[in-house]
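Novice: predicted model, plus sequence, below.
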Amino acid sequence: LIQILRLTFQRDVTGADLKDALEQQLQPRVPAENKAELDTFFAVFKALNLTTGTWLQFDMDNGTVVTEFNGTSLCSLNSPAVAAALLDVYLGSTPISSDFKPFVKKTLKLL
Amino acid sequence: MRGLAGQFARSARAQKTLFVALGASVGAVAASSSLLSLAAPPVPVVVPPGAPNPAETKAPPPEPAPLVSAASDSHAMTLEPYTGTPFPNLLRGLDLVGVGLRTKYGFFSVYAYGFWADAAKYRTRPEKQALEELIRGPDHKVRQLLDFLFSTY
C-alpha cells in the first residue's frame, strides 16, 4: 500500500452531493481518454449515506484505488489517472485547502 | 384590562429575552466564523492511547507534537485541530503525514481528512520531486515510458 486518504464527515451529506463536489474537482484533472474510469470510480457514490462520523477511505497502490466506506470495501479500480487526480486535489498546484499541503511539507521536512 | 397589560408586558419581556438570545448566538457564529477564516491554523494535537479527547473536555489541550515522531506508537491518534476528529498515527503500516478540513463557504465543516504515506521514503527529499511521487506514485516515470513505448510501437 502506498497511500491512504480518509474523509471523516462532519455533517450529513448525500453520496450524490459528494460525487458532484468531487467530480467538479476531478474532471479537469483527468485526461479525456480516462473519463470512463472516472464514471466507474463514482458509480458507488450514489448509494452512500454519509452521515456525521462516517468515513470514506481511498487506499492507493500503484495506480489502483480501493474505495472503502466505514471499513467495508466498495470497489477497486485500476486507474493511475484517477488516483493521481484525487491526490492532486489535495497536494497539487491548486489544492482545495490552503493549510494541508504546507502541513504535509512540514511533516515530511521536504527541502 | 390589567390582565391584558400584564400579558403585553410578559410578551414584551419574552421578546426582549429572545432578541438578546438571538443577538448572542449570531455574535457567537460571527466570532467563530471569523476565527476560522482569519486566525492562523491551529496545530494538530497528538493524543496518547486511552487519553480523553481534548475537544470534548474543557481542560487545556496537551502540548502539540510533530506528527511523524509520534507515529511510532501504533495506537496514538492525532486530532484534526478545528473539529477534534481523531486520525490514527499509523494505519496499515503507513504514517499519518497530514490532516485537514474541507469547509463550505469558509466555515461549514463538511469533512475532516487524513493522509497516510511512507514518511521515511519522502522525508528530507527535494519538495518538487517528493510531491510529484506522492501524487503520481513512485514509478510514474517508468509507467509513462512504458505507455509511450506501447502506444508508439
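Specialist: Ah, there it is.
Novice: run a quick neighbour tally on the closest residue to A:L86 other than its chain neighbours.
Specialist: Spatial nearest neighbour of A:L86, excluding adjacent residues (CB to CB, 6 or more residues apart in numbering or on different chains): A:F58 at 6.2 Å. Yep, even glycine has a C-beta here, placed from its N, CA and C like the rest. A:F58 has 20 neighbouring residues, counting by other CB atoms under 10 Å in any protein chain shown.
Novice: per-residue pLDDT, A:F58?
Specialist: Per-residue pLDDT puts A:F58 at 97.
Novice: pretty sure it contacts A:L22?
Specialist: No: using CB atoms under 8 Å, A:F58 is not in contact with A:L22; the gap is 10.4 Å.
Novice: tell me the SS of the residue nearest to A:L86?
Specialist: What DSSP: H, G, I helix; E, B strand; the rest coil gives for A:F58 is strand.
Novice: what's near enough to touch it?
Specialist: Contact partners of A:F58, counting by CB atoms under 8 Å, 6 or more residues apart in numbering or on different chains, are A:I4, A:L5, A:R6, A:V65, A:V66, A:T67, A:E68, A:L86.
Novice: what is the neighbour count of A:D17?
Specialist: Residues near A:D17, counting by other CB under 10 Å: 14.
Novice: remind me what the one helix or strand it maps to packs against, helices and strands.
Specialist: Under the criterion of DSSP states H and E, A:D17 resides in helix A:15-26. Judged by 3 or more CB pairs under 8 Å, 6 or more residues apart in numbering or on different chains; DSSP states H and E, helix A:15-26 is in contact with helix A:35-42, strand A:49-50, helix A:80-91.
Novice: how far does the next helix or strand after the longest one sit from the chain's center?
Specialist: By that I understand helix A:80-91. Using DSSP H and E, the helix or strand that follows helix A:80-91 in sequence is helix A:100-107. Between the centre of helix A:100-107 and the centre of its chain there are 18 Å (CA atoms, centre = their mean, to the nearest Å).
Novice: kindly report the same for stretch A:72-83.
Specialist: Relative to the mean C-alpha coordinate of its chain, stretch A:72-83 is positioned 10 Å out (CA atoms, centre = their mean).
Novice: is that stretch anywhere near chain B?
Specialist: Yes: contact between stretch A:72-83 and chain B, assessed by CB under 8 Å from any CB of the partner chain, occurs at A:P80, A:A83.
Novice: who's in contact with that stretch?
Specialist: Against stretch A:72-83 from outside (CB under 8 Å, 6+ apart): A:26, A:30-31, A:34, A:37-38, A:40-41, A:43-44, A:60, A:62-68, B:136-137, B:140, B:143.
Novice: so which residues on chain A come close to chain B?
Specialist: Looking at chain B, the residues of chain A close enough under CB under 8 Å from any CB are A:1-11, A:13, A:21, A:59-60, A:62-63, A:80, A:83-84, A:87-88, A:90-92, A:96-97, A:99-101, A:103-105, A:107-111.
Novice: list only buried entries from the residues you listed.
Specialist: Among those, those buried by neighbour count (16 or more other CB atoms under 10 Å in any protein chain shown) are A:1-10, A:13, A:21, A:59-60, A:63, A:80, A:83-84, A:87-88, A:90-92, A:96-97, A:99-101, A:103-105, A:107-108, A:110.
Novice: so who does residue 101 touch?
Specialist: In the absence of a named chain, this looks at chain A. Counted by CB under 8 Å, 6+ apart, A:K101 has contacts A:Y90, A:L91, A:P95, B:L131.
Novice: that's the wrong chain, I wanted chain B
Specialist: With contact taken as CB under 8 Å, 6+ apart, B:L101 is in contact with A:Q10, A:S97, A:D99, B:E80, B:Y82, B:T83, B:S109, B:Y111, B:A112, B:Y113.
Novice: for ChimeraX, what selects the buried ones among those residues?
Specialist: Listed next is the ChimeraX selection for buried residues among the contacts of B:L101, using 16+ other CB under 10 Å:
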select /A:10,97,99 /B:80,82,109,111,112,113
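Novice: farthest-separated two in the contacts of B:L101?
Specialist: Using CB to CB, the pair of the contacts of B:L101 lying farthest apart is A:Q10 and A:D99, separated by 15.7 Å.
Novice: and stretch B:110-119, anywhere near chain A?
Specialist: Yes: taking CB under 8 Å from any CB as the criterion, stretch B:110-119 and chain A are in contact, through B:V110, B:Y111, B:A112, B:Y113, B:G114, B:F115, B:W116, B:A117, B:D118, B:A119.
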